[in-house]
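A.B. asks: Next comes the sequence, and after it the predicted model I'd like to discuss.
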Amino acid sequence: MRNQETRVRGIAARAGGWSARHRWAAVGIWVLFVVLAMGLGSAAGRVDVKDSDQMGGETHTAARIVEEAGIDEPASESVLVQAKSDGLKATDAEFRAAVGAVVTAVEKTGKVTGVTSPYDAKTISKDGRSALVQFDMRGEADTAGERVEPVLKAVEGVQKEHASLRIEEIGGASMMKTFDDAFGDDFKKAEYSAVPVALGILLVAFGALVAALVPVALAITAIIATMGLMGLVSHFQPMSETANSVMLLVGLAVGVDYCLFYLRREREERAAGRDAQTALRIAAATSGRAIVVSGVTVCVAMAGMLFTGIAEFEAMGLASLMVVAVAMVGSVTVLPALLSLLGERVEKGRVPFLRRRRPSGSTGEGSRFWTAVLKRVLAKPLLAAVVAVGALLAVAAPALGMKTQNLTLDQEFGDSLPIVQTYNRVNEAFPGGSDPAEVVVKADDINAPEVRAALADFRERAISSGASRGPVEITTHDEQNVALVYVPLVGGSDQDKAGESLDKLRDDVRPATLGRVDGVEAPITGQVAGNKDFNDQLVGSVLPVFAFVVVFAFLLMLLSFRSLTVAITSIVLNLLSVGAAYGILVAVFQHGWGASLVGAEGVGAIITWLPLFLFVILFGLSMDYHVFVVSRIREARLRGRSTRDAIQHGVVTTAGVVTSAAVIMVAVFAIFGTLSMQSMKQMGVGLAAAVLIDATIIRGVLLPAVMSLLGERNWYLPTWLHRLPDLTHDESPEAIAPTVRDGEERGERGEPVGV
């Protein structure tokens with residue numbers, strides 16, 4: 001007599017079953033996929049987003065004109081020479097000697113060109129205490145930060161010889177070096193810390209080294225494979241360093257979570273007395289299905305970033321989507337094969353001081369803490385729901401006054417870097433000089449009398465209108481018929497005032513001068529203009545991204561659970577979670593409430609790209625826990641429990657794995673909250689707070705309270721929706737019965753039960 005295997009529906013169940021039966025083949029295919037993806041990606045190389053594709057609006061137009069003209073704008077640098085006391089002036093011999101020493105020192109490095117003395121360029125402040133020596137870096141501007149160090153050292157040498165003066169360098173190359181060093185150090189710290197932190201938490205969760213290593217190993221291989229795929233895909237959709245970093249963050253979070261869900265369910269079934277084969281089949285049909293539903297939902301959410309039209313966001317969205325898809329596939333294919341291969345050896349390397357843990361649900365008791373919480377929540381569900389919603393709305397309230405902007409150098413780094421103080425001194429002495437607006441003028445003949453007259457008129461009106469205090473500099477490229485006009489904006493580092501100056505240039509000065517000449521294009525770019533154009537494009541993309549993510553997430557929940565109620569409550573609860581995260585961000589980083597705890601004093605705004613980024617990421621990641629918990633509740637309901645009992649069973653038996661997964665995510669995201677860059681702090685704090693709220697208040701209190709109030713209406717599906725595709729299947733372990741002999745028993749549907 002032979003055994004037969006239950007015919008379970010669902011991709012995850014079939015994939016898990018095949019992998020468990022062909023374990024070496026599954027592992028080999030996965031290793032081959034990772035190696036091939038990395039090898040092909042490395043061979044193809046990676047194409048990064050070009051500057052001209054980074055922004056929209058006038059900033060994009062200006063970058064396109066400069067690129068098409070073949071003009072290589074060098075990285076400009078300035079050396080501030082400033083008297084420390086009021087007695088010393090730029091006209092004094094000592095001051096002149098210092099300026100001369102700076103000019104000689106930077107020229108000797110051989111790394112610069114076009115060195116200009118402040119006495120020739122008239123770059124001396126009104127009070128006579130400050131002067132700027134200006135020059136350009138040789139070579140490409142994009143890589144100038146890699147070549148600027150000898151120049152910085154030369155300037156430091158002059159400073160040592162003139163104690164009565166401040167002699168400090170700032171500019172595109174030096175700021176690039178500072179930013180790259182800080183950015184690189186930050187992410188190295190985060191990347192090096194994240195894996196050990198996740199491994200340590202998994203050790204506590206499982207109490208065994210092998211069980212803890214499996215999720216980390218799978219997450220890392222998924223990240224490696226995705227890095228290779230990014231190289232291939234970048235030839236169609238350019239990538240970026242930011243996209244790479246976000247991919248690492250998301251890949252580690254979801255990769256570990258998915259494996260954790262699967263592994264904990266397999267161990268739970270083993271602890272409940274199932275044999276190894278049956279435990280794997282149950283894990284594949286239940287947790288495996290939850291992983292697929294969650295993974296597809298997260299991928300849909302990440303795909304929302306493709307609708308922004310911003311190249312950087314499109315790169316982040318596609319990279320995140322790919323790593324989630326790879327981690328999802330790995331979790332339902334190679335993970336069952338590994339568990340089948342390891343068997344009892346998954347318990348090897350037990351940590352001596354940790355008692356052997358019984359997985360939640362193995363005895364039917366679940367988490368004692370959440371059992372106590374659920375008892376009170378289910379006793380008075382209306383009160384629990386009102387209190388939870390009220391608390392979340394109160395936390396979210398500050399988000400109504402959210403102010404977004406691209407952070408300036410001093411906002412990004414505070415006073416932690418010397419160049420920030422230099423930046424502030426230059427802006428105080430020469431308002432707008434460190435971040436001037438740049439007008440890119442394209443004409444049929446740039447030297448035509450009417451064009452030259454319009455340029456001169458523009459220069460005069462830029463100052464007379466109050467948009468600039470000058471000097472307005474014009475550089476003409478005759479062969480390309482392009483002129484570049486540099487306009488220091490009144491307001492300097494004050495983004496609001498500088499924005500008002502930009503509006504005067506765009507709305508008043510340009511139409512009255514360059515706008516009167518036929519055939520002339522004159523887009524205005526620069527840091528302030530770039531910030532404005534980026535904000536405008538981002539605001540315009542919020543509605544389509546929001547609609548896409550919400551509508552598709554709703555449809556996926558509807559098809560996966562065949563319940564209109566579950567689909568609606570899923571969306572509402574996730575929106576509450578995102579809103580609370582926004583409120584915490586605004587309270588901490590904009591209003592400064594508790595900001596000193598994360599070193600965020602004085603920021604006063606949320607970085608422009610973060611709200612939309614957080615919405616997409618959090619909406620996707622929130623589905624991890626939601627799908628996992630609701631799947632377990634539905635499973636219990638299918639086994640014949642009442643809705644109330646199913647809710648309690650589902651929440652308390654998933655509490656252990658949800659808590660472990662949430663602690664890992666919060667810990668990894670919190671690492672970013674400790675970094676020096678304020679934008680990284682904001683991202684880390686926002687993500688960590690949202691996950692913490694989601695795993696506790698949302699899933700532990702509000703979800704069970706709402707489902708208890710709804711009762712049997714949780715499973716409501718209107719008759720007219722019954723024609724929708726059925727993506728559900730019987731998830732109860734009893735449907736995946738242990739092996740029996742042929743002919744001994746038949747299931748309720750008349751199908752053979754057993755292996």
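C.D. replies: Looks like it arrived, so ask away.
A.B. asks: Neighbours of residue 275, how many?
C.D. replies: Neighbour count for residue 275, taken as other CB atoms under 10 Å: 13. C-beta: built from backbone N, CA, C; applies to glycine.
A.B. asks: next one: residue 266
C.D. replies: Residue 266 has 28 nearby residues by other CB under 10 Å.
A.B. asks: do the same with the one 10 residues further on
C.D. replies: When counting by other CB under 10 Å, one arrives at 16 neighbours for residue 276.
A.B. asks: Same question for residue 110.
C.D. replies: Using other CB under 10 Å: residue 110 sits among 10 other residues.
A.B. asks: Quick check on it: phi, psi?
C.D. replies: The phi/psi pair for residue 110 (degrees, to the nearest 10) reads phi 70, psi 10.
A.B. asks: From residue 170, how far out is it?
C.D. replies: Distance of residue 110 to residue 170, given as CB to CB, to the nearest Å: 21 Å.
A.B. asks: so how far is residue 521 from residue 153?
C.D. replies: Counting by CB to CB, the gap from residue 153 to residue 521 is 42 Å.
A.B. asks: now do residue 512
C.D. replies: 16 Å.
A.B. asks: for residue 66, same thing?
C.D. replies: Distance of residue 66 to residue 521, given as CB to CB: 12 Å.
A.B. asks: For residue 76, give me the backbone phi and psi.
C.D. replies: Dihedral angles (degrees, to the nearest 10) for residue 76: phi -90, psi 140.
A.B. asks: hey, what's in contact with both of residue 66 and residue 521?
C.D. replies: Shared contacts of residue 66 and residue 521, defined by CB atoms under 8 Å, 6 or more residues apart in numbering, comprise residue 440.
A.B. asks: who has more neighbours, the two?
C.D. replies: A direct count of neighbours by other CB under 10 Å for residue 66 and residue 521 places residue 66 higher, at 23 against 14.
A.B. asks: which one is the more buried one nearest to, not counting chain neighbours?
C.D. replies: residue 440 (6.0 Å; CB to CB, 6 or more residues apart in numbering).
A.B. asks: looking at it, that neighbour is touching residue 60, isn't it?
C.D. replies: No - using CB atoms under 8 Å, residue 440 is not in contact with residue 60; the gap is 11.2 Å.
A.B. asks: Would you mind telling me which of those two has more residues around it?
C.D. replies: Taking other CB under 10 Å, residue 440 and residue 60 do not tie; residue 440 has more neighbours (25 against 20).
A.B. asks: now that one: how far from residue 458?
C.D. replies: For residue 440, the distance to residue 458 - CB to CB - is 12 Å.
A.B. asks: Repeat that for residue 96.
C.D. replies: 34 Å.
A.B. asks: neighbour-wise, which of these two wins?
C.D. replies: Comparing residue 96 with residue 458 by other CB under 10 Å, the one with more neighbours is residue 458, at 24 against 16.
A.B. asks: Hmm, residue 513 and that one touching each other?
C.D. replies: Yes - counting by CB under 8 Å, residue 458 touches residue 513, with 4.1 Å between them.
A.B. asks: so where's this protein shaky on pLDDT?
C.D. replies: Counting by pLDDT under 70, the ranges of the chain that qualify are 1-10, 51-55, 183-188, 191, 353-367, 415-416, 432-434, 492-494, 602, 726-755.
A.B. asks: can you map out the strands along it?
C.D. replies: 76-83, 112-116, 130-137, 165-171, 404-405, 437-442, 473-477, 482-487, 524-525, 606-607 (DSSP state E).
A.B. asks: Now do the same contact list for the closest residue to residue 475 other than its chain neighbours.
C.D. replies: Nearest non-adjacent residue to residue 475, counting by CB to CB, 6+ apart: residue 484, 4.7 Å away. Residues near residue 484 by CB under 8 Å, 6+ apart: 71, 73, 438, 439, 440, 441, 474, 475, 477.
A.B. asks: Drop anything exposed from those.
C.D. replies: Among those, the ones that count as buried by 16 or more other CB atoms under 10 Å are 438, 439, 440, 441, 474.
A.B. asks: Residue 559: which of these is nearest?
C.D. replies: residue 440 (50.1 Å; CB to CB).
A.B. asks: What number of residues are in the vicinity of the closest residue in space to residue 490 that isn't next to it in sequence?
C.D. replies: Among residues not flanking residue 490 along the chain, residue 501 sits closest, at 4.7 Å (CB to CB, 6+ apart). Neighbour count for residue 501, taken as other CB under 10 Å: 27.
A.B. asks: show me the contacts for residue 538.
C.D. replies: Residue 538 sits next to 308, 310, 608, 609, 612 when contact means CB under 8 Å, 6+ apart.
A.B. asks: To what extent is the last one buried, counted in neighbours?
C.D. replies: In terms of burial, residue 612 registers 21 neighbours under the definition other CB under 10 Å.
A.B. asks: how much space is there between it and residue 225?
C.D. replies: Look at residue 612 and residue 225: by CB to CB, they are 27 Å apart.
A.B. asks: ranges for the helices of the stretch 1-150 of the chain?
C.D. replies: Along the stretch 1-150 of the chain, the stretches classed as helices by DSSP state H, counting those that start in this stretch are 11-21, 23-44, 51-54, 57-69, 93-108, 118-121, 149-161.
A.B. asks: Which one, of those helices, ends up nearest to residue 526?
C.D. replies: helix 57-69 (8.2 Å).
A.B. asks: contacts for that closest one?
C.D. replies: Residues from elsewhere that reach helix 57-69 (CB under 8 Å, 6+ apart): 50-55, 73, 438, 440, 442, 477, 480, 482, 506, 521, 523-525, 529-530, 532-534, 536-537.
A.B. asks: Any chance of JSON lines for the helices of the stretch 1-150 of the chain, columns distance to residue 299?
C.D. replies: Compiled in JSON lines, the helices of the stretch 1-150 of the chain are given as follows (distance: least, CB to CB, whole Å):
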{"stretch": "helix 11-21", "distance to residue 299": "14"}
{"stretch": "helix 23-44", "distance to residue 299": "17"}
{"stretch": "helix 51-54", "distance to residue 299": "24"}
{"stretch": "helix 57-69", "distance to residue 299": "28"}
{"stretch": "helix 93-108", "distance to residue 299": "51"}
{"stretch": "helix 118-121", "distance to residue 299": "54"}
{"stretch": "helix 149-161", "distance to residue 299": "43"}
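A.B. asks: what's the closest of these to residue 558?
C.D. replies: Nearest of these (CB to CB): helix 11-21, 18.3 Å.
A.B. asks: now the residue nearest the centre of the chain: how far from residue 538?
C.D. replies: Nearest to the geometric centre of the chain sits residue 246, at 4.8 Å (CA atoms, centre = their mean). According to CB to CB, residue 246 and residue 538 sit 16 Å apart.
A.B. asks: what about residue 507, how many neighbours?
C.D. replies: 10.
A.B. asks: just residue 479 next, same as before
C.D. replies: By other CB under 10 Å, the residues close to residue 479 number 9.
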